[in-house]
Structures are given as C-alpha cells and as structure tokens.
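> Give me coordinates for this.
(one chain, ligands or ions: 2)
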Amino acid sequence: MSLAPTAPLTLRGGLRTILAPFPSPAPTPSPMPRPLAVICLAAGLGKRTKVSLPKVLLPLCGRTLAASALAAVASLQPARTVVVLHHQKDKVQKSLQDAVGGMFARLEFVDQGAPKGTGHAVQVAMQALADFRGDVLVIYGDCPLITTATLQELCALRGSSPCSVLTAYPDDATGLGRILRDDEGRFCGIREHRDCSEDELAIDEINAGFYCFDSDALRPALASLTPNNAQGELYLTDAVANFVQQGQDVQTLEAADAAEITGVNSLADLAVARAMMQERILLEHLSNGVLIIDPTTTWIDQGVSIGADTKIQPCTVIGAGCAIGSHCEVGPFAHLRAGTVLEDHAEIGNFVEAKKTRMGAGAKAKHLTYLGDATVGAKANIGAGTITANYDGVHKYETKIGARAFLGSGSVIVAPSEIGDDAMTGAGAVVTRGSKIGASEVWVGVPAKKLKMRELPPRQGQAMSKDKP
Ligand code: UD1
Ligand code: MG
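Numbers count the residues shown, from 1 in each chain. Ligands and ions are numbered 1, 2, ... in the order given. Below is the predicted model of the structure:
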C-alpha cells in the first residue's frame, strides 16, 4: 500500500486520511553536550476547552497531552525535569508521576500559584533550578506531538547563543504567536496573536512553544519581564525578544513537519492532534513489519509493542501498555486493554476483550470472549463465548488457565479459580468461585463438577482437533 505524502490531514466525517509519514523515531539520541534541564508548563486551566478536566490531562491515544510531551523529552535523559502545575495540581501530579515518572532520573513538580503567564511559570520553575547551569529546554504541556529528534536539534542549534526557538509555518496561524524578523530576515521578536497589528497577523511563521535557553542568560531575561500586553500576563516570549534588544542573536529552527508543533487549545484541536498521533503510531508499526490490514479502522495507543509478522485485523482497539509478540493475530473487532500480553503465535479473534491478561505462546481465544485478570497457558484453547467473571462488585480476582487447557463454548469461570494443564470444561460449564480443576480433569455442568479424566491424543500439545474451530 502506498503511504506517499498526500494532502494535509483533515477530519472528514470522522474518517482519517493517511498523511505523509512523520520522521521515523530517532534512534537513541547521542548524549547532550551540556547538562540539560527541562521545564514543562502545565499550570493553565485551559478555559478554551470548556471541560472541567485540566487541559494537560486530556487523553491522546493512551497518554495525556502532558505525558505525551514529556515522553518525547525523556529520551534526551535530562538531569532535572521540572513540571509547573497549579490547576488541580494533585491530580495532574499523580497522573504524570504514574505515567512517566519512571522515564526520568529526577522529575519534580512546582506550584505556580495563580498562573500569570508562561514567563511567570518559567520564573517559578527556575527557582527550583537555582543551582542548575546548562541548557534549559522549555516545553508546553499542551503540545503533545513534538519528537525527540526535533528537541535534540533545537538544543544543538543554540550553540553560544542565549536561546534557540522552534518555529513553523502551519496552514492556520490563528491564535499563535507570530515570529517577527527584520529586513535582513533576522529574528527580532515574537508577537502574540492578540497583540498583533493587521500587518503582523499576515505573518505565517509562528512560535511553536519550544525553546532552549542558556540558564545563565535566562535568569536576567526573566527578571526583565513586564505584563505589558493584551492579557496582562508575563510572556516567556518577551524574554526571548529581550536577548535581541541586548544585541544578542537568537537562533530559530523551522520544524521539518508543522504537524509536530500542533498545540491543543480546544477539543477540536484535540481531535486533530489525536488523528495525527494515531497516524504516527500506525505508520511506525507498519514500518516494523506489523501487518495492519486496515489502518483507517485500527486504533493503537502510544506505548504498545508489537512483533513483526503479527496481523492486526480491522476494527481493533489496542490500549496503552499492551505487548504483542510475533506471528500473533488480533481481531477483527477485538479490544485489548491495558496490561494485556500476547506471547508469540497467540490469537485473539472476533468480539474478544482482554484486560490485564497474558496469553501464552500459541494460545487462542477466537470468538465472543471476555478475559480479565487471566493467565492463559501456552496452546490453551478458549472456546467461543467464554467469560472469566473477575469482578464481584467490590474486588477483582485472577483466573489461571493451564497450558493446552480446552474450555468448552460458553464456559463461565468465576474468579478466583484455577484450571490445570490439559484440563477441559464442557460447553456451558459454570466453574464456581474458588474451584481448582486439576491437570487433565474434565469438568461439566452448572455448577461444574469433575466428570472424568481427559483422554489426551497420543502426542503432547495436540489436544485440539485439527479442524479449525
Ligand atoms: C503560547 C505562546 C505562543 C505560541 C503557542 C504555541 C506565550 C505567551 N505564547 O500561546 O507564542 O504560538 O503557545 O502553542 O508563551 N501555562 C502555565 N502557566 C501560565 C500560562 C500557561 O503553565 O501561567 C501553560 C499552559 O498550561 C500550557 C502552556 O503553558 O500548557 C501554554 O499556554 P497557553 O495558554 O496554551 O499558550 P498559547 O495561547 O497557546
Ligand atoms: Mg496553547
């Protein structure tokens, strides 16, 4: 199939179009030449989204907006990372700590107090970084599509200048800060949309919201900020202009792909960013040898690993944190939720939902099944309509199903229960809570009781009929 560059992405009646591939994810970046600290701004409420959830916690393919941005920066292995919070700070902090805390050597959170602008937010973060000297990379928690490679390039570009700024030429610059240049094209400032004159509004180069500062230069520039603008805020962008006023050069890097700098200020922006992120994820799996039959009806979250030669059938949803081996088959109409692991050659078929479930190598659940908190042994066969009843209304319980076990159609296994290796249940069996079915035992009925020992075919591992179920 061709994934050649086409028109820019649009949402047409909910259908996505395949757009030009994003740059491939950078190989492990080379170490940064100077010590690196990251500041992520995430204190704003996000009034323009009109929802009660803080904007930076809006979901984007299995990660929040801010966690997506932080995941991109984590590969640069910053020595320090400071996230600036305020609105619903406990909720935002817990969410980010859980999602990306393990990716950073040192992840810190500071409270901005009442947010007074992006410049104010960085002032507060720099208090936490009072003893830090080196590169300070500032990212905004509402720009989730940035890549590690672009951030690394931005830091490298700074050289001996006090600052480097990422810019872009999006199709629509509405609401964004415009890049001001002099007659020779040299950078001379950033003007927020609201503060622009008619002529300035016509400028199509915008500020993407990513900056690399020299820490020693940043401190006095922040001290010089005044709220002299339409919003009465301290703008970080004025600190950048300040360097030029002092006669210093500011470097600018144009983003290779304007999609990378998509900021989310409204739910419509979120829908566009989600579609872009989804494209990126699908293209990455396709390029790794995962046979995704219909990318337009396949939904795969960030942070999913899939081995080569695995086939993903249409209308399949795979949630964050799933790990799928090689030569597996998933779908059509399958839903793999967080924590699900498929070992090589495992199969999950039509209308099957799996949550926090491990399918051993070659295990199959092909039709109409729910597997929750289950461990399924190698080559086990889960019959059509099987349910692991893992929830009693208060707690969740685990189900263990042994290798080569064969569950008859319509079996209900009330957890916690165990089914031994090579064991079998009859069609419609209800295995009651706390049952332990021994190896090779056959249980049938409601409630299920032991009937006999299973007569296994002569060769081990050939328990199933050779006919396809
Ligand atoms: C900002 C830039 C604009 C740029 C755009 C790119 C400024 C003044 N403007 O505008 O030039 O084109 O991003 O997307 O920087 N935040 C805080 N504390 C505050 C204010 C904001 O932490 O006091 C956080 C927000 O939570 C958000 C980020 O900073 O994650 C950016 O704030 P936002 O209000 O979205 O700025 P924009 O209007 O998008
Ligand atoms: Mg914004």
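> mind checking how far the helix or strand that contains residue 155 is from the chain centre?
Per DSSP states H and E: residue 155 is located in helix 148-158. Relative to the chain's own centre, helix 148-158 is displaced by 21 Å; criterion: C-alpha atoms, centre = their mean, to the nearest Å.
> and the next helix or strand after that helix, which residues are buried?
With elements assigned by DSSP H and E, the helix or strand that comes after helix 148-158 is strand 163-168. Of the residues in strand 163-168, 163-168 count as buried by neighbour count, 16 or more other C-beta atoms under 10 Å. Backbone N, C-alpha and C define where each C-beta goes, glycine included.
> Columns pLDDT on top of the residues you listed, output as a markdown table?
Shown next, in a markdown table, are the buried residues of strand 163-168 (pLDDT from 0 to 100):
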| residue | pLDDT |
| --- | --- |
| 163 | 98 |
| 164 | 98 |
| 165 | 98 |
| 166 | 98 |
| 167 | 98 |
| 168 | 97 |
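> Am I right that residue 260 sits in a strand?
No - looking at residue 260 with DSSP: H, G, I helix; E, B strand; the rest coil, it is helix, so not inside a strand.
> Burial check on it, number of neighbours?
By other C-beta atoms under 10 Å, 24 other residues sit near residue 260.
> who's in contact with it?
Counting by C-beta atoms under 8 Å, 6 or more residues apart in numbering, residue 260 touches 22, 145-147, 150, 168, 208.
> Helix, strand, or coil at residue 48?
Taking three-state DSSP as the rule, one finds residue 48 in the helix state.
> What distance do you get for it to ligand 2?
Distance, residue 48 to ligand 2, by C-beta to the ion, to the nearest Å: 8 Å.
> list the contacts for that residue?
265-266 are the contacts of residue 48 under C-beta under 8 Å, 6+ apart.
> ok, back up a step: just give me the closest of the contacts of residue 260 to ligand 1.
Nearest to ligand 1, judged by C-beta to the nearest ligand atom, of these is residue 208 at 5.9 Å.
> Quick check: which element contains the closest one?
Applying DSSP H and E as the criterion places residue 208 in strand 206-214.
> After that strand, which helix or strand is next?
Sequence-wise, the next helix or strand downstream of strand 206-214 (DSSP H and E) is helix 215-223.
> quick one: is that following helix near ligand 1?
No - under the criterion of C-beta under 6 Å from any ligand atom, helix 215-223 makes no contact with ligand 1; the nearest approach is 12.7 Å.
> buried ones in that helix?
Using 16+ other C-beta under 10 Å as the burial criterion, the residues of helix 215-223 that qualify are 215, 217-219, 221-222.
> Then stretch 383-394?
Quick answer for stretch 383-394 (16+ other C-beta under 10 Å): 383-390.
> Same question for stretch 131-151.
For stretch 131-151, the buried set under the neighbour-count rule, 16+ other C-beta under 10 Å, comprises 132, 134-151.
> Would you check which of the residues you listed are in contact with ligand 1?
Within the buried residues of stretch 131-151, those near ligand 1 by C-beta under 6 Å from any ligand atom are 140-143.
> quick one on the thing from earlier: can you list the residues that contact the strand holding residue 208?
The contact list for strand 206-214 (C-beta under 8 Å, 6+ apart) reads 135-140, 143, 146, 150-151, 154-155, 157-158, 161-170, 173, 176-179, 190, 221, 236-237, 240, 255, 260-261, 263.
> at 6 Å instead, please
135-140, 143, 154-155, 158, 162-166, 168, 173, 176-177, 190, 255, 261 (C-beta atoms under 6 Å, 6 or more residues apart in numbering).
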